[in-house]
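Participant: Any chance you can model this:
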Amino acid sequence: MDPLQAADPSLLLARLHQLRDQIGYHNHRYHVLDAPEITDDAYDALFRELQELEQAHPEWITPDSPTQRVGTAPLEGFAKVVHRVAMLSIDTVADVAEFHRRVSEGLGASEIDYAAEPKIDGVAVSLIYRDGVLVQAATRGDGREGEEVTAQARTIQSLPLRLLGAGHPERLEVRGEIFMRLDAFERLNAALLERGEKRVFANPRNAAAGSLRQLDPRITAQRPLQLYCHGVGEGIAADWPTTHAQMMARFREWGLPTCPDAEVVRGVEGCRAYYQKLESMRDQLPYEIDGMVFKVNDLASRERLGFVARAPRWAAACKFPSREALTTVEGIDIQVGRTGALTPVARLAPVGVGGVTVTNATLHNFEELARKDVRVGDTVRVRRAGDVIPEVVEVVLAQRPADAVEIPLPTACPECGGAVARSEGEVVIRCVAGFSCPAQLKGAICHFASRKAMNIDGLGEERVELLLAQGLIADVADLYQLHTRSEPLVALERMGEKSVTNLLAAIEASRERDLARFLFALGIRDVGEATAASLARHFGSIAAVMEAGEDELQGVADVGPVAAGRVWHFFREARNRALVNRLLAEPGTGWHQATLRVVADGHPLAGATVVLTGTLAAWTRQEAKARLEGLGAKVSGSLSKRTRYLIAGESPGSKLAQAQALGVEILDESALLALVQGHALA
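Facilitator: Model prediction:
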């Protein structure tokens, strides 16, 4: 009989827990602290003993066991994850002095400590721990909704599956960055080439993102991914550290890796000194960075400063100057966007710029092309603006060949042959053919289906081109008739039965989008998400928006004269009205009316200043904000004597004590629901 089966189960189970604790400790020493205490052979012996115990008693295997890092069977797809606390972006500033001025004014203090850290070029991730055990990992996505990558994240050796120490919150969301070290990136590409792969990763960020999004976690397990943790989404309790630096120290006690190059600095001079230090050592760092992030160190001060629509007021990013390289122009193509804009794009001899191979660079418009005098055959200086978008900086005239070819202004659209024109006061040349231009039509449909618009998953550029080419659609309204043409869809190349089913389900789900997203999806020039949301809140229905005059449109908050004119003219065109009316005729849609509207002044929330804190079970923070604003409330990020209500969810943090000190009325979630129910329009 196997001695493992014959032994006292309670003793074996105790040994199993001991082995897991020991292996977790030594993993942390090796992969995070880079200070191993035992030899590889000794570690391997512990690991083999644990494997044997789990093989003998598979009922004892748990997701946080070190043996579960090796990767599970491939997934069929990535599940969607809604972030209970949105993963906001951080605003970039040209000079930290302006950021410091705003923070100082907001706090009424001049001496501010900042947590300074490198802005690592990786993949933002949310990690959920329950009672110290990792239960979910998700990508940032659009900030509100990401993809679950728990099985893939478990394979990262520096990520603790169970937190060390004690005192962990019942639910803790850790925010961090998954990345790949430069030396590991080079080794990975070399291995791919050695295996005969035709394509390698362009940069460490792409390598990290591609590795994390492998449906087969066993492939992710073979990739050298690393993690640094830098913040908390939710889970802050009353006994939580009071500063960011203390919070990072607590993370390290729990085995969560943090960036060793982070520091606490004071004021503008401290920030500038850190910038210069990091810039000087940039090429010696083991990972790719594109700048740094400064965050107010004191957590209570962060609560006071609050947030703007898409970013915290207490944090800012500073980018390094873009990296540049020389290459030659092999051609100049003209691309046509969804609004008809003709954009010249330089086709370049491939060149590495800041870790990325660049083959195309924007020339913005023809006025810019003429100003820089870029010609085919020229040697040009190329830069990745913001380390992302390649652009031509200048021509090296000393190296211009005698046969360099100048590109004239276009007299016709390169896509449809239609007329082009330049509006007064604009530098952009546009095709005036509208949706009869295939490039504009394709762009309009892609925009309509995009994540921030109708969010029709699976309807990307290639698939839109295919549907148009086969005559299955001629505009966005035709998308909602595709369910009657499933047989021709299945017959299309790369469109199997499962793909068609998923696409039709995504189109059906898009019927539930609200008026704000519908207005944005229509692709009206100069109408972004914020403007569309303002129009939806103000008018409450698509019919009211369509019939509004220019003066009435300009009276909407956040809608300027240009956007108002664009909206008015859009709905005056017969083609556009016909298309919108066809869409409105679709059954079961939420496009006709806003999800919420402002009610009469007599409502208890009308005109009240409200502050949200903690986590709500029923809604995300953004959903709660939208509902409150829809009932006439003003939602603020900071408390004052003028605050009417503090809505306190789970783990409310320091705002609860501030509200009590100020005498602000505090409502729990049940009280909030009692106020809101019956007043929100479906």
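
Participant: Can you get me a residue count around the closest residue to residue 297 other than its chain neighbours?
Facilitator: Setting aside the residues directly before and after it, residue 297 is nearest to residue 113 in space (Cβ to Cβ, 6 or more residues apart in numbering), at 4.2 Å. From N, CA and C alone the C-beta is placed, and that goes for glycine too. The tally of other residues near residue 113 (other Cβ atoms under 10 Å) stands at 18.

Participant: quick check, residue 125 in a strand?
Facilitator: Yes - going by DSSP: H, G, I helix; E, B strand; the rest coil, the assignment for residue 125 places it inside a strand.

Participant: Longest helix in this structure, please.
Facilitator: Across the chain, the longest stretch assigned as helix under DSSP state H is helix 9-27.

Participant: Can you give me the buried ones in the helix or strand following that helix?
Facilitator: The helix or strand immediately downstream of helix 9-27 is helix 40-56, counting by DSSP states H and E. Neighbour-count burial for helix 40-56, with 16 or more other Cβ atoms under 10 Å as criterion, is recorded at 43, 46, 47, 49, 50, 53, 54.

Participant: re the thing from before, and the longest helix of the chain, what does it pack onto?
Facilitator: Contacts defined by 3 or more Cβ pairs under 8 Å, 6 or more residues apart in numbering; DSSP states H and E place helix 9-27 against helix 40-56.

Participant: tilt between the helix it packs on and helix 9-27?
Facilitator: Comparing the axes of helix 40-56 and helix 9-27 via axes from the mean of the first three to the mean of the last three Cα atoms, to 10 degrees yields an angle of 140 degrees.

Participant: got the CA positions of helix 40-56 in PDB?
Facilitator: Below are the C-alpha coordinates for helix 40-56, written out as PDB (Å, rounded to 0.1, in the frame of the first residue of the first chain):
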ATOM      1  CA  ASP A  40      17.300  24.800  -6.400                       C
ATOM      2  CA  ASP A  41      17.600  21.100  -5.400                       C
ATOM      3  CA  ALA A  42      16.100  21.700  -2.000                       C
ATOM      4  CA  TYR A  43      13.300  23.700  -3.500                       C
ATOM      5  CA  ASP A  44      12.600  21.000  -6.100                       C
ATOM      6  CA  ALA A  45      12.400  18.400  -3.300                       C
ATOM      7  CA  LEU A  46       9.800  20.400  -1.400                       C
ATOM      8  CA  PHE A  47       7.800  20.900  -4.700                       C
ATOM      9  CA  ARG A  48       7.900  17.200  -5.600                       C
ATOM     10  CA  GLU A  49       6.700  16.200  -2.100                       C
ATOM     11  CA  LEU A  50       3.800  18.600  -2.400                       C
ATOM     12  CA  GLN A  51       2.900  17.100  -5.900                       C
ATOM     13  CA  GLU A  52       3.000  13.600  -4.500                       C
ATOM     14  CA  LEU A  53       0.700  14.500  -1.600                       C
ATOM     15  CA  GLU A  54      -1.800  16.200  -4.000                       C
ATOM     16  CA  GLN A  55      -1.700  13.300  -6.400                       C
ATOM     17  CA  ALA A  56      -2.500  10.900  -3.500                       C
END
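
Participant: Run through who's touching stretch 98-108.
Facilitator: Applying Cβ atoms under 8 Å, 6 or more residues apart in numbering, the external contacts of stretch 98-108 come out as 93, 110, 112, 267-268, 271, 294, 296, 301, 304-305, 313-314, 316, 638.

Participant: I'd say residue 26 and residue 37 touch.
Facilitator: Yes - the pair residue 26 and residue 37 passes the contact test of Cβ atoms under 8 Å, sitting 6.7 Å apart.

Participant: Counting neighbours, go ahead and name the busier of the two.
Facilitator: Under the neighbour definition other Cβ under 10 Å, residue 26 and residue 37 were set side by side, and residue 26 has more, 18 against 11.

Participant: so who does the more buried one touch?
Facilitator: When contacts are counted by Cβ under 8 Å, 6+ apart, residue 26 is found next to 36, 37, 38, 43, 46.

Participant: Out of the contacts of stretch 98-108, which end up buried?
Facilitator: With burial judged by 16+ other Cβ under 10 Å, the buried subset of the contacts of stretch 98-108 is 93, 112, 267-268, 271, 294, 296, 301, 304-305, 313-314, 316, 638.

Participant: For residue 425, grab phi and psi.
Facilitator: Recorded main-chain torsions at residue 425 are phi 80, psi 0, according to degrees, to the nearest 10.

Participant: likewise residue 518?
Facilitator: Torsion angles at residue 518 (phi, psi; degrees, to the nearest 10) stand at phi -60, psi -50.

Participant: host element of the closest residue to residue 527 other than its chain neighbours?
Facilitator: Using Cβ to Cβ, 6+ apart and skipping the chain neighbours, the partner closest in space to residue 527 is residue 563 (5.8 Å). Remark: residue 563 resides in helix 561-572, with elements defined by DSSP H and E.

Participant: I'd like the average pLDDT over that helix.
Facilitator: Model confidence over helix 561-572 averages 92 on the pLDDT scale.

Participant: what's the following helix or strand after it?
Facilitator: Downstream of helix 561-572, the next assigned helix or strand under DSSP H and E is helix 574-584.

Participant: send the alpha carbons of that next one over as PDB?
Facilitator: Once side chains and other backbone atoms are set aside, the C-alpha atoms of helix 574-584 remain, and they are given as PDB (Å, rounded to 0.1, in the frame of the first residue of the first chain):
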ATOM      1  CA  ALA A 574     -32.600  63.600 -45.400                       C
ATOM      2  CA  ARG A 575     -30.200  60.600 -45.700                       C
ATOM      3  CA  ASN A 576     -29.300  60.800 -42.000                       C
ATOM      4  CA  ARG A 577     -32.900  61.200 -40.800                       C
ATOM      5  CA  ALA A 578     -33.900  58.200 -42.900                       C
ATOM      6  CA  LEU A 579     -31.200  56.100 -41.500                       C
ATOM      7  CA  VAL A 580     -32.000  57.100 -37.900                       C
ATOM      8  CA  ASN A 581     -35.700  56.500 -38.400                       C
ATOM      9  CA  ARG A 582     -34.900  53.000 -39.700                       C
ATOM     10  CA  LEU A 583     -32.900  52.300 -36.600                       C
ATOM     11  CA  LEU A 584     -35.600  53.700 -34.300                       C
END
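
Participant: Check which helices and strands the helix or strand following it sits against.
Facilitator: Tracing the chain past helix 574-584, the next element assigned as helix or strand by DSSP H and E is strand 609-613. Packed against strand 609-613, as judged by 3+ Cβ pairs under 8 Å, 6+ apart, are the following elements: helix 621-630, strand 634-636, strand 645-648, helix 654-662.

Participant: what about residue 491, distance to residue 474?
Facilitator: Residue 491 sits 19 Å away from residue 474, going by Cβ to Cβ, to the nearest Å.

Participant: show me where pLDDT drops low in the stretch 51-200 of the chain?
Facilitator: Screening the stretch 51-200 of the chain residue by residue with the criterion pLDDT under 70, one finds the ranges 69-76, 198-200.

Participant: at 80 instead, please
Facilitator: Confidence mapping of the stretch 51-200 of the chain against pLDDT under 80 gives the ranges 62-77, 142, 193-200.

Participant: can you pull out the strands in it?
Facilitator: Along the stretch 51-200 of the chain, counting by DSSP state E, counting those that start in this stretch, strands occupy 80-82, 113-120, 123-130, 133-139, 145-147, 171-180.

Participant: quick one: which of those strands is nearest residue 407?
Facilitator: Across the strands of the stretch 51-200 of the chain, residue 407 has its closest neighbour in strand 113-120 (37.0 Å, Cβ to Cβ).

Participant: Which elements pack onto that closest one?
Facilitator: Counting by 3+ Cβ pairs under 8 Å, 6+ apart, strand 113-120 packs on helix 244-253, strand 263-266, helix 267-280, strand 289-296.

Participant: OK, contacts around the residue nearest to residue 527?
Facilitator: Listed by Cβ under 8 Å, 6+ apart, the contact set of residue 563 reads 526, 527, 531, 553.
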